[in-house]
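Chemist: let me see the structure of the following:
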Amino acid sequence: MALDKYDITVHQPHPPGYFLYVMLGRLLHLFISDANTVFVSISVIFSGLTVVAVYYLGKEVFDRNIGILAALIALTSPNLWFHGEVALTYIVEAFFSTAVALLCWRILKGEHKYIWLSVIALGIAGGIRQNTTVFLFPLWLFSVKGVPIRKSFASLGLLVVVCLLWFIPMVWMTGGWNAYYSAFRDLWLFNTGHVSVFEQGWATFKIFSSSLFKFTIYGVGIGIVILGFVAYSIVRHGKFKSLDRNKVFFFSVWIVPLLLFHLLIFIHPANPGYVLFFLPAFFVLVAASIEYASAEAKQFLKIDPLKFIAFTIIILNIGIFSYFKYPISYKAIKNHDMDLLIMLNGIKTLSPENTILFVDGDIFFCYRHVMYYLPEYTVYQPELKYTPSGKLRKIFWGVNRETHLSDAVILPAEITKFGVLIIPYNNVQLICIKGMTIKKLLPFMYLVSGSVDKLREFYPQSKITLHGNIRNGLK
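Modeler: Numbers count the residues shown, from 1 in each chain. Here you go, the predicted structure:
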């Protein structure tokens, strides 16, 4: 919907904005009518570019064979493959992360002319996902340690200019600095700002760490075992000091900053796209580990197992994506599309003329899907969120593909029914209220409907205005 109206204050897109990603989508939208196809096309293009960038990175940091092997692992990586076929920003971030890392390596090796291209790429990366620039900046700082100080400061000035070229129009299209800052602050207060390990404790750390490990395995498969074995072998046999210090620090300052952020501050346990920032580094490291392990094994086996190990990892990766029901598989994409169609057809049994919809905040089946595919319906996200101080977030709702914010659920006189899409998790039970109709759409999804007279029983904590003017209370 940001293709039609860019407004961060109503999360089109949500803060911090992804400005250049949306603008690239608008450019392609001139030639491709369907919005989802626009962003899927971007993902397809950048997944290919990421594989190419991984090849060059592996080739230049190590050698051509490792570059080829790293590219093959990237090409068949279930996590990378999945994000190359869905409309999300993470695959674009993966490309820019790899491209900036490649330029930083060249600078580190004395090719200082690439410093200008590196800050341009770094600035553009921030226009796609603002966090990319923040978490790549330590790598860039490390790479320019041998660059003359005046040249480094001049390149920083260029980085600021590149960032301002997208930041200023982004803020302007949002309605000014106050509107932008308010939207960003609210996202932090109501979503990501109070879920860190420091506030939630050990249980959150276990969730974050297990999610990171799982998402990384989705990326490199059993290659993570080879990497772990080689790391242990190097430390166990006292070979750590023989490693190239530049390579050790290069990969460390690339991976560790975001790794620590996701371990301690925030990661969504259902979103494997977060690790695509540093997954290309793992592709190269796994490829190098395979070569190292093969060389060590060759001394005892009298044969070179490199091709066998590489072939096994690649075949398993292809199998996981193609045939298994993991969240990053072809079946996951196919099943989601089918389930979404069933959900939409179920909603169509309710009339948009006299029915208001409520869809919970599930990331896979949310009120945005209804807004886009069924724009004639008025749909609310009923989730109530509070800050620690007790401030209540405004309610998101939309109709005709326009998003609004209000302090209450507003029911015009013509609305006589309501429908609620429920996706119960764990031990959460369906709310059974007398006079309600419950329809099972999917094994995990129910559509509950009834008279608006029952709405306050269903949402007792929500502020509801019957027969109100829908224009009142809007953003």
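Chemist: for the residue most central in space within the chain, which non-adjacent residue is closest in space?
Modeler: The centroid of the chain falls nearest to G273 when counting by CA atoms, centre = their mean (4.4 Å). Residue nearest to G273 in three dimensions, not counting chain neighbours: Y90, with 3.3 Å by CB to CB, 6 or more residues apart in numbering. For the C-beta atoms, the positions are set from N, CA and C on the backbone; glycine is no exception.
Chemist: helix, strand or coil for P424?
Modeler: Taking DSSP: H, G, I helix; E, B strand; the rest coil as the rule, one finds P424 in the coil state.
Chemist: can you tell me the closest non-neighbouring residue to V448?
Modeler: Closest to V448 by CB to CB, 6+ apart is V420, at 4.6 Å.
Chemist: again with A53
Modeler: In space, and not counting its chain neighbours, A53 is closest to T98: 4.0 Å by CB to CB, 6+ apart.
Chemist: and the next helix or strand past the helix or strand harbouring the one you found?
Modeler: Using DSSP states H and E, T98 sits in helix 90-108. Using DSSP H and E, the helix or strand that follows helix 90-108 in sequence is helix 115-128.
Chemist: mind listing what Y180 touches?
Modeler: Residues near Y180 by CB atoms under 8 Å, 6 or more residues apart in numbering: I8, T9, P15, G17, M170, V171, T174.
Chemist: contacts only, for Y274.
Modeler: Y90, F215, H262, I267, H268.
Chemist: pretty sure it is in a strand, no?
Modeler: No. Read with three-state DSSP, Y274 is helix and lies in no strand.
Chemist: from T355, how far out is it?
Modeler: According to CB to CB, to the nearest Å, Y274 stands 37 Å off from T355.
Chemist: one more: P257?
Modeler: Per CB to CB, P257 is found 48 Å from T355.
Chemist: so where is this structure shaky, pLDDT-wise?
Modeler: Applying pLDDT under 70 to the chain flags residues 361, 387-389, 425-432, 467-475.
Chemist: show me where it has its strands.
Modeler: 355-359, 378-381, 395-399, 402-406, 409-411, 417-422, 437-442, 445-451, 464-466 (DSSP state E).
Chemist: ok, the longest one: who's next to it in the sheet?
Modeler: If you go by DSSP bridges, strand 445-451 pairs up with strand 417-422 (antiparallel), strand 437-442 (antiparallel).
Chemist: what's the answer for the first one, then?
Modeler: For strand 355-359, the paired strands and their directions (DSSP bridges) read strand 378-381 (parallel), strand 417-422 (parallel).
Chemist: returning to that earlier point: ok, the residue nearest to the centre of the chain - contacts?
Modeler: G273 neighbours (CB under 8 Å, 6+ apart): N79, H83, L88, T89, Y90, I91.
Chemist: at 7 Å instead, please
Modeler: H83, L88, Y90 (CB atoms under 7 Å, 6 or more residues apart in numbering).
Chemist: what's the nearest residue to the second one if we skip its chain neighbours?
Modeler: Nearest non-adjacent residue to L88, counting by CB to CB, 6+ apart: G273, 5.7 Å away.
Chemist: now the first one
Modeler: Ranked by CB to CB, 6+ apart and with sequence neighbours excluded, the top spatial neighbour of H83 is I91, at 4.3 Å.
Chemist: check the burial of L384 by counting its neighbours.
Modeler: 12 (other CB atoms under 10 Å).
Chemist: where does it sit relative to V370, distance-wise?
Modeler: 19 Å.
Chemist: Y292 too?
Modeler: Counting by CB to CB, the gap between Y292 and V370 amounts to 52 Å.
Chemist: okay, the two: which has more neighbours?
Modeler: More neighbours surround V370 than the other of Y292 and V370, with 23 against 19 (other CB under 10 Å).
Chemist: ok, the more buried one - contacts?
Modeler: I347, L357, V359, Y377, V379.
Chemist: where exactly do the helices run in the stretch 1-150 of the chain?
Modeler: For the stretch 1-150 of the chain, the helices defined by DSSP state H, counting those that start in this stretch occupy 19-29, 35-61, 64-76, 78-83, 90-108, 115-128, 130-143, 149-174.
Chemist: and the longest one, which residues are buried?
Modeler: Neighbour-count burial for helix 35-61, with 16 or more other CB atoms under 10 Å as criterion, is recorded at 35, 38-43, 45-47, 49-51, 53-61.
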